[in-house]
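1. sequence unavailable; structure follows:
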């Protein structure tokens, strides 16, 4: 299906309900109150309870997962090279496509130049 200009590809927007996040919150409250409720095996609440239990026992990956689910993942740095760090200005439509294409071409050209330099350096060494 092709979208018309101005038509959203996601008409409902961002998913508003997050069932696993809600299950984690409910189980965190229950565990904080000293309640350990028996949930059906495989249910979101049972999985959330198991994850929270592992996290509270010191399992770092489980704690990281709980934090990522409840607080969101920490922002990840996107860096470029020392000569031209990646910088993006939000643009629209064709202007954005052109900008992205130019940046990708710049990166690709740099990689080709580096590959050629490595090849010529290897050939010029003469097995020394």
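-> That came through fine. Source: prediction; values computed, not measured. Numbers count the residues shown, from 1 in each chain.

2. for the lengthiest helix in the chain, the distance to its chain's centre please.
-> Using DSSP state H to define each element, the chain has its longest helix at helix 93-124. Here the centre of mass of C-alpha atoms in helix 93-124, compared against the chain's by C-alpha atoms, centre = their mean, to the nearest Å, lies 25 Å away.

3. check stretch 31-40 too.
-> For stretch 31-40, the distance between its averaged C-alpha position and the chain's averaged C-alpha position is 31 Å (C-alpha atoms, centre = their mean).

4. show me what counts as buried in it.
-> By neighbour count on 16 or more other C-beta atoms under 10 Å, the buried set for stretch 31-40 is 31, 39. Any C-beta I mention is one placed from the backbone N, CA and C, and that applies to glycine too.

5. contact partners of that stretch?
-> Counting by C-beta atoms under 8 Å, 6 or more residues apart in numbering, the neighbours of stretch 31-40 from elsewhere in the structure are 30, 45, 46, 49, 52, 53, 56.
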